[in-house]
Each structure stands twice: as C-alpha cells, then as structure tokens.
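In: what shape does this take:
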Amino acid sequence: MKFQIDNEYGKLEAVLVHRPGREIDRLMHDNMRQFLFEDIPFLRRMQEEHDAFVGKMHEQDVEVVYLENLLADILGNDITRAAVLRTVCQNAGVPAIADEMTSLDHWDKTELTDLLFAGLNSEEYTERIGRRIPSPQNEPQYLLPPIPNAYFSRDPAVVVRDVAISSKMHHRVRVRESVLTRAVLENHPEFKTNTIVYGGTDEPTEDRPYTIEGGDVIILSPDAVLVGASERTRSETIEMLAGKCFSQGQVKRVYEVPIPTERSFMHLDTVFTVVDRGMIVWYAEVMQQVKYIHRYESDGGDEGGVNRVPEDRSFVDILRDEFGTDVTLIDTAGGTGQFAAREQRTDGTNTLAIAPRVAITYERNERTTAALEEHGVTCIGIDDSELVRGLGGPRCMTMPLRRAPA
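Out: Next comes the predicted model:
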C-alpha cells in the first residue's frame, strides 16, 4: 500500500485503527490519571461502539486495517520480534526480560501482541516464566504498563503526502504506541517500501525533547501543512520536521499555529478540523485568540535548512490563500456559549471527513452536527458514550493512509 495524503477532505480510501482491548480493563481509579484518563470506560460497550465506527467507514468503501493484526504479522519474524521487544523493554526499564519475551517459549506471537497493548505485571510474569521478581509490599507491579490510549491511532504516526512521520510522544505512557506503529510501518510488507521522513528507528537525534503528535498535524494541500504548537508538540520539533519535509520535496510551506498548552486543547485537531476545501470546523474561543503564526520555508539549500518567517497575515487569510477560495467557518456547537465549550470538550470539533462535506461525528454533539448540516455537510453519527471517555473523537481514532486527490 502506497501512502498518499494530500489533504484532509478528499475521499478516504484506507485508514489504520486499533480496536480497544484488554488494556482498557487495566484502568483503575488509582491509576487512570497516570494513563491520561479521567474515567473508566466499559470495555465491551466501547468495543461495540468502535466496531460500529469501523462499520460506518466500511459502508463508505473505506479500507480499514488494524494495527494489532499487522503487529502480529511482523512479530512472526525472529529479528523484528527481538528488535521490538528489546526497545519496548528498555523503554519500560526492564531490559533484562527482553530475551525471555522474544523466545516464543512462553508466549506465542498472538499473546505477545496482546500484552504489548495490555501490559504485563510481575504476577503474570511469574506464572509464565516461573521466576519471581520482587515487588514492594508483594503486590503485583507492572513490568510493562498498559497503553490504553492506543485506540487513538492518529497520534503515533501521520502520513504527509507519500511519506510518514513517526511521532515522538509527549507523555512517556504513550511512547510504546509510537514504537509499535513505527515497527509496523518499517517492517510490514504492506508498508516497508514507504519512507519515514521523521522519527525513524535510525534517527535517535529526533528524540526527546523533540516531541510531536499526529493530532497536531493538519494537511491543507499538497504544498502546505499546519502544525499545532501545543501541550504535546514543541516549536523546535516543527522547525526540524519542516526541514525534513523540504529536503524530501514533500511540501513547500509549514505553518506553526500556537494553541493553549492545556489538556482540554491537547492537539490542534481538538479545536480545528477541515471538512471540505475552505470549510472549517473550529472552536472560536481558542482559534480567534491565536497571537502569532510562523511560516517555515526552505532556505534553498540541499541540507533541509529552513527560514522561519513571522506571518503578517491573519489565520483566516492564510487559509483563504492556501485553499484558493473563500473560507467558511463553522463554530463548535454553532458558537452558542456554554454549549460550544461543552461540545469542544466532548470532541465536537474533532470531525473525520471521509469525503468532501461528509464527516463522521459523535452523536452527542448535537449542536455541532446541526451547524455542520446547515452548511451542507452530511454527518454520519456514531455512538460515543464509552469512546469519548479517553478525550478523543473520530479523527483521533484514525490514521489515514490514502485519500483521493481533492
């Protein structure tokens, strides 16, 4: 499968997702905030909602591939499995158990795939290996913590034109998501002929503190990309990423758009998404307060150097110029005060365009849906009582791989 994402709204052809699994049942009241949750979802219902979400994409002729299935495929290769387990165990601070996990003497590749998402505690390790690892108060301790945010497959990687960016996650509890996704992109036969332009395994310099997450990357056109400088993506990373994209000839302009560094607005796509050329859904309370925008352009050299230019155009003027058309702004919840704030929090702004003016939205965000429909957007609503508990919407739950040209 060749990557191709030139825009945010052309017919969606292929997408990668992760179905929530046993990792969700690892959430407890005493650890949920550590894992970036503010409530505990009901897993079975969550899976039903996710299956229905995937079903809606299938109805629109979108090819949906599952990260966990692709991961199981590559774990069948001895060299790849060893490399993945070594990286995962080292990041978790337990490098000594990597060899035992790699051997397949104790877990087969399907079980390994499951525990790479669900985690492994000391009691489970002892049951399989027969060797006890001391833990405080003799209570089971995680050797590999779970990664319950993995169903937000937008963040660990993003396709820009025909290359991929492998994210460097802000919170350490999410780093494994990027490791697993990158392993699939680099090793699975479906994807290995594609290029990772930023964040590949052989680029250790592109690591902390240079964090970036896919929810902050929005592709306006084949020439221009917006990147949010947010709670989770650093300005320094945006400059580095721009240079990499320019050196590969991917885009001509990268815009750095600052948003408040608050959990409620963790990524740019929680306050801004695109549903058609020049048609925007935004949370005006944040987007109208953007104080500065910087534009990155190539310095004309061969080394990926960039010029950082302060913009004198307004954000809307930039959008108008890049789309080559007038801009229609659709306010979250239609701009109705308290409901706008409420529906931003429940990911009303986080729409997933699957074709021009066709978007998947959460059913609960009725006022945002009404505002979209008033502007001629067909909204495909999905149940969300459990999916929303992780603070992410339909766009967050997908990593688009291919879209038709717009």
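
In: can you list the domains in the protein?
Out: The chain is divided into the following domains under automatic domain parsing: 12-66+150-403, 70-144.

In: quick check: which of the ones you listed is buried the most?
Out: Mean neighbour count (mean count of other Cβ atoms under 10 Å) peaks for domain 12-66+150-403 among those, with a mean of 19. Quick note: C-beta positions are derived from backbone N, CA and C, even for glycine.

In: for the stretch 251-400 of the chain, give me the ranges with low pLDDT.
Out: Within the stretch 251-400 of the chain, the ranges that satisfy pLDDT under 70 run 302-304.

In: so where do the strands sit in it?
Out: Secondary structure of the stretch 251-400 of the chain by DSSP state E, counting those that start in this stretch: the strands cover 253-258, 272-276, 279-282, 294-298, 306-310, 328-331, 352-355, 358-362, 378-382, 399-403.

In: compare these and give me the one nearest Met57.
Out: Comparing those against Met57 with Cβ to Cβ, the closest turns out to be strand 352-355 (6.7 Å).

In: who does that closest one pair up with?
Out: strand 358-362 (antiparallel) (DSSP bridges).

In: how about residues contacting the strand it pairs with?
Out: 53, 56-57, 60, 275, 346-348, 351-354, 368-369, 372, 377-382, 384, 387-388, 393-394 (Cβ atoms under 8 Å, 6 or more residues apart in numbering).

In: now swap in stretch 187-203 and tell me
Out: 1-3, 65, 70, 73-74, 77, 80, 83, 157, 160, 162-168, 178, 182, 184-186, 206, 212, 240-241, 244-245, 248, 250.

In: give me the subset of those residues lying in helices.
Out: Among these, the ones falling in helices (DSSP state H) are 70, 73-74, 80, 83, 178, 182, 184-186, 240-241, 244-245.

In: report the two of these separated the most.
Out: Across the ones in helices among the contacts of stretch 187-203 (Cβ to Cβ), the longest gap, 31.5 Å, separates Asp73 and Met240.

In: now Val225: phi and psi?
Out: Dihedral angles of Val225 (phi, psi; degrees, to the nearest 10) stand at phi -130, psi 140.

In: can you offset everything so residue one is 755?
Out: With the count now opening at 755, the last piece we talked about shows up as Val979.

In: contacting residues for it?
Out: 914, 971-973, 999, 1005, 1007-1009.

In: ok, now with 7 Å
Out: Listed by Cβ atoms under 7 Å, 6 or more residues apart in numbering, the contact partners of Val979 are 914, 971, 973, 1005, 1008.

In: any idea how far the last one lies from Thr991?
Out: From Val1008 across to Thr991, the span is 11 Å (Cβ to Cβ, to the nearest Å).

In: what does the longest helix belonging to the chain contact?
Out: With secondary structure taken from DSSP H, the chain has its longest helix at helix 797-813. With Cβ under 7 Å, 6+ apart as the test, helix 797-813 has contacts from 769, 771, 773-774, 778-779, 818, 905, 1108, 1114, 1134, 1136-1141, 1148, 1151.

In: and if we set it to 8 Å?
Out: Contacts for helix 797-813 (Cβ under 8 Å, 6+ apart): 766, 769, 771, 773-776, 778-779, 818, 905, 1108, 1114, 1134, 1136-1141, 1143, 1148, 1151.

In: now it: mean pLDDT?
Out: The pLDDT scores in helix 797-813 average 98.

In: quick one: it to strand 1112-1116, angle?
Out: With axes from the mean of the first three to the mean of the last three Cα atoms, to 10 degrees defining the directions, helix 797-813 sits at 170 degrees from strand 1112-1116.

In: how far is helix 797-813 from where the chain is centred?
Out: On the basis of Cα atoms, centre = their mean, to the nearest Å, helix 797-813 sits 18 Å off its chain's mean C-alpha point.

In: okay, angle between that helix and strand 1132-1136 too, please.
Out: 150 degrees.

In: picking up where we left off before, just give me the closest of the contacts of Val979 to Ile1084.
Out: Ile973 (19.0 Å).

In: bridged to that closest one, which residues?
Out: Beta-bridge partners, per DSSP bridges, of Ile973: Val979.

In: how about it, what does it touch?
Out: Ile973 touches 759-762, 914-915, 979-980, counting by Cβ under 8 Å, 6+ apart.
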